[in-house]
Structure formats: C-alpha cells, structure tokens
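Visitor: Predicted model, plus sequence, below.
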Amino acid sequence: MTTARPSGRQFPADFLWGSATASYQVEGAVDEDGRGQSIWDTFSATPGKVLNGDSGAVAADHYHRMVDDVALMKRIGLHAYRFSLAWPRIQPTGSGAFNPKGLDFYSRLVDQLGDAGIDPVVTLYHWDLPQALEDAGGWPARDTAYRFADYAAKAAEVLGDRVKIWTTLNEPWCSAYLGYAAGVHAPGRENHADSLAAVHHLNLAHGLAGSAVRDVVGPDAQISITLNLHVTRAASDSPADLDAKRRIDGLANGVFLGPLLDGAYPADVIADTASVTDWSFVQPGDLDLISIPLDVLGVNYYATGLVRKSDAVRVPGDGTPGPDGHKSSALSAWPATDDIEWLPLPGPHTAMGWNIEPEGLTELLVDLHTTYPGLPLVVTENGAAFHDEVSPDGRVHDLDRVAYLHDHIDAVGEAIDHGADVRGYFVWSLMDNFEWAYGYDRRFGIVRVDYDTLERTPKDSAHWYAELIRAHAIPTIESAASLG
Ligand code: IFM
C-alpha cells in the first residue's frame, strides 16, 4: 500500500477521536419493544429498491449486543461514540405517545458509554422517519418539522442529563434529494419541487429541534448539525463549466449553510430553481427559527465530484445513475440541472466507486474556517468501503482502508495547520452495517461483522486506529498488520 503522505503527524491531547454508526444501519430488532415502522422498513421491503433485497431487520444486531459493542469501543480506546436515535423506536408514529422501552434502550446505551468513559454524541435523525409521518406528507410537509421538535424535546428530557452534544440531522442533503428527488433512498419519491420543500423543512426542523433541546438541557447543550458538504470541481475554466459548478455548490452546500449560518437562502439558488418551485414554503420568520447559534458544525467527507455543462439534455427524472452509480452523481437528485454532467474521476476508488482525494477534505475544512471563522468543526464521518476478506490467519488485513484513514486524518491535520478549528474526527463506521441501497454488500466498518454469526472481528484498521488514539499520532500503514 503506497501513500504520498508521511506518518507520525501529532494531534493535540484533547482532540476527540471517535467512531460513528446510525440506528437503522446497526440496530436490527425492527419489530421489538414497541418500535414503529420507519420509511426504511417500507423502502427495503419494496422489490428492487435495495441490493439483494437486504433490509435492516437484523443489521448488526446492535440492539441486542449493545453491551458487548460498548466494551469493544472501550478496547479500541474511543473517546466518543456518535450514534443516532431511531425516532420510531422512541415515538412509534412520529406524534403522540412515546415508547418507554425505546427511550430505555438509549438510556442504557448512554449509561454504558458513561461507565466506559466514552462521550455520547447523539444524532436525532439519521433517515429513519416514522412511516406514519411520511404517510402524512413526509419532509415536504411543514408539520413534520414541528413533530421533530416535539420528539427532540422528549429525547433531551430523558437523555439530556448525560448527553451534551446533540446533532439534529445527519446529511439532510441525502434525506431531501436522494429520498424525494432521485428516489434511491427512502421514501423513494421522485419530485424535484418536493425535494426543495424537504430541504427547507429539514432546515426548519433543525432550528426548532435545536432550540427545543437547548430549552430542555440548558446552556451546557452543544447544538450541532452534520452536513455532507460537496467538494465539486469544474471540468474546465470555461464560463459554462464554472457556472455548472456554481449551481451544484448552491444546491449541495448553499441551501444548508445559507439559512443555517447566514440567515438566508442564496439568491442564486432561488433564481436557478425558479422553473421548479417559487419557494413559497419559506414562511416569514422561518430563517430566524433556522439560524440558531451553532456550537459545532459536523462535516462528513468521502470524495470529490467533477462537473461540466452538457449539451445532451437528459430527460428529467430518468433516474440514470452517474459515474459512481449513486449519491452525488445520481443525476435526478439535482433539481434544475438537466444540462449538467457528472464526470468520472481518476482512481483509486473505493468499493463505492468513489474517488480517493484527501486534499478535498483539507480544502473543505479550510474553506469553512475561512468563511465562518470561530465556528468549531468536527469531522463526523470519514471512511471507506472495501471488499474485505478474512485471511487464513483469521484477521482482516484491510490495508486499503488503513491507507485511506491515514491519508484523510493527515489531511485533517493539514487543515488544522492552516488554521481550521477542527476539534475531532469520527471514523465511519465502527462496524460493518446496512449501507442503505447497497444493503450488506459494501463494508465500511473498522470492525468486521460476520452476517451469518453476527460475530465481531476488529480489522487491522481498528487496531491501527486504537494505536493512533493511544499515541496521539498517525501510525505507519505497514504497522497495522502487526498491531493488536
Ligand atoms: O453509510 C452512510 C451514512 O449513513 C451516512 N454517510 C455516508 C455513509 C456511507 O455512504
């Protein structure tokens, strides 16, 4: 495994090292203890939506193995564990009665983490909307934001004595565009106007829920949101290609950063999307509700994108996958961009088909710091899927993942050298899990999950990460195979 980056970079002793998961991706137990149905239960039961017909019904069975999983985190030495609460486990229909058993599960998880000396970092929404709320209109409906705030207040009431870091939403870009425009994520709708209404109501949900949590927990609460901001490059310096990049930047980043941090939607995005919507879903006062003070911004980063203006206009809503088959380049995800083409990027690539470009992470963090000085940043997700194998010695020698982490963590260090106030880094993911439309076919974990026995095996990347945390410095890639 080769890398152009040196090992050994030191990090401050108080830098927060963690790992992340999400409820639907790891918990399983979808029918237990009063949990309600989520849009991902429905979506994954719909033929053709998830690879191999997989679903999160069992996932990594974390619901039943939580105590052992926390013990594993402790062995790795994690300072913090970022996980999400399943809204339908806590409030089965998304409004009305709460489910004591669901709340109790998360309360026990938080206690277990406390005993292990691991900070809980809670995400309130990582895509598992109660199905009843989708039936009532989902994120394109304004009321969903208010229902979310009620649920957030209850979660804060129960967990707020022990949880200080509260992330409202994970990657609202995915919820809005992949769920309501491209239809490749739950609930699988394909309507560009709805996707932009969903963007706004997710932003509103963030503001309402963040305020509700602050009211309940008090000034100690740290309110955050995690965005998968896009680092997109133009294929050339031609005005047309630069304009394509500007439009993607607006839809990917501006529609979130603008209202959250500047108190306004970017005027160019509103103009660019005029053929799709008049944005009348933005009501007077909404931007004040959304732009609450943020204590920390969560940044998820995996890869970069490359766009150009295209002469071949595609048929709107054709669902054609882009060069990586999914996500950012899923063409129909982007409203009013029929004339923008996503280009394949040079390798190496991960098993998702995503290019590996750690420089993009440095660029993103430094740009955020430059635009929003004084806003603390945490890398809340970064990691890579590879087709791991168990070696005859029983270990998973995932040196490609170790190299990915090595280079991206070094890229974070470089951003800090350039002045970015980055406080922590979370590997995605602690363990192999349900990778949404790819089911169990893509493995992101630093811990392997055998999906037949549900046995956990720390991969070389887990041993390497443990050593990094212990030493506050980036170990060599080669050392990974002999650690642990
Ligand atoms: O698995 C997902 C996660 O749920 C959200 N961020 C990206 C990861 C990899 O696709």
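Guide: That came through, no problem. Residues are numbered from 1 along each chain as shown.

Visitor: which residues touch residue 92?
Guide: 34, 35, 36, 37, 99, 102, 130, 132 (C-beta atoms under 8 Å, 6 or more residues apart in numbering). For every residue, glycine as well, the C-beta is placed using N, CA and C.

Visitor: near the ligand, which of these show up?
Guide: With C-beta under 6 Å from any ligand atom as the criterion, those include none near the ligand.

Visitor: Burial check on the residue of the stretch 51-200 of the chain found nearest the ligand, number of neighbours?
Guide: Across the stretch 51-200 of the chain, the shortest distance to the ligand (C-beta to the nearest ligand atom) belongs to residue 171, at 5.5 Å. If you count neighbours by other C-beta atoms under 10 Å, residue 171 ends up with 25.

Visitor: where's it relative to residue 222, distance?
Guide: In this view, residue 171 and residue 222 are 19 Å apart by C-beta to C-beta, to the nearest Å.

Visitor: try residue 354
Guide: From residue 354 to residue 222 the distance is 30 Å (C-beta to C-beta).

Visitor: Give me the more crowded residue out of those two.
Guide: More crowded of residue 354 and residue 222, by other C-beta under 10 Å: residue 354, with 23 against 18.

Visitor: all helices in the stretch 251-400 of the chain, in order from the N-terminus.
Guide: Ranges of helices in the stretch 251-400 of the chain, per DSSP state H, counting those that start in this stretch, are 255-257, 267-272, 286-290, 358-371, 399-417.

Visitor: among those helices, which is nearest residue 230?
Guide: helix 358-371 (8.8 Å; C-beta to C-beta).

Visitor: what helices or strands is the closest one leaning on?
Guide: strand 296-300, strand 377-382, helix 399-417 (3 or more C-beta pairs under 8 Å, 6 or more residues apart in numbering; DSSP states H and E).

Visitor: can you pull out the strands in the stretch 51-200 of the chain?
Guide: In the stretch 51-200 of the chain, the strands defined using DSSP state E, counting those that start in this stretch lie at 80-84, 119-125, 165-170.

Visitor: Around residue 153, how many other residues sit close by?
Guide: 19.

Visitor: Need the per-residue pLDDT for it.
Guide: Model confidence at residue 153, given as pLDDT, is 98.

Visitor: picking up where we left off before, quick one: the residue of the stretch 51-200 of the chain closest to the ligand from residue 22, how far?
Guide: Following C-beta to C-beta, the distance that separates residue 171 from residue 22 is 10 Å.

Visitor: now do residue 121
Guide: Taken as C-beta to C-beta, the span from residue 121 to residue 22 is 12 Å.

Visitor: overlap in contacts of the two?
Guide: Joint contacts of residue 121 and residue 22 (C-beta under 8 Å, 6+ apart) are residue 83.

Visitor: what's stretch 387-405 in contact with?
Guide: Residues contacting stretch 387-405 (C-beta under 8 Å, 6+ apart): 1-3, 350-351, 356, 382-384, 386, 427, 443, 446, 448, 457, 459-461, 464-465, 477, 480-481.

Visitor: check contacts around whichever residue of the stretch 201-350 of the chain sits closest to the ligand.
Guide: Residue nearest to the ligand within the stretch 201-350 of the chain: residue 300 (5.4 Å; C-beta to the nearest ligand atom). Residue 300 makes contact with 170, 171, 226, 227, 228, 229, 379, 380, 381, 382, 428, according to C-beta under 8 Å, 6+ apart.

Visitor: So which bits of the stretch 251-400 of the chain are right by the ligand?
Guide: Of all the residues in the stretch 251-400 of the chain, those lying near the ligand are 300, 381, going by C-beta under 6 Å from any ligand atom.

Visitor: Output the below-cut-off pLDDT ranges for the stretch 251-400 of the chain.
Guide: Residues of the stretch 251-400 of the chain meeting the criterion pLDDT under 70: 312-331.
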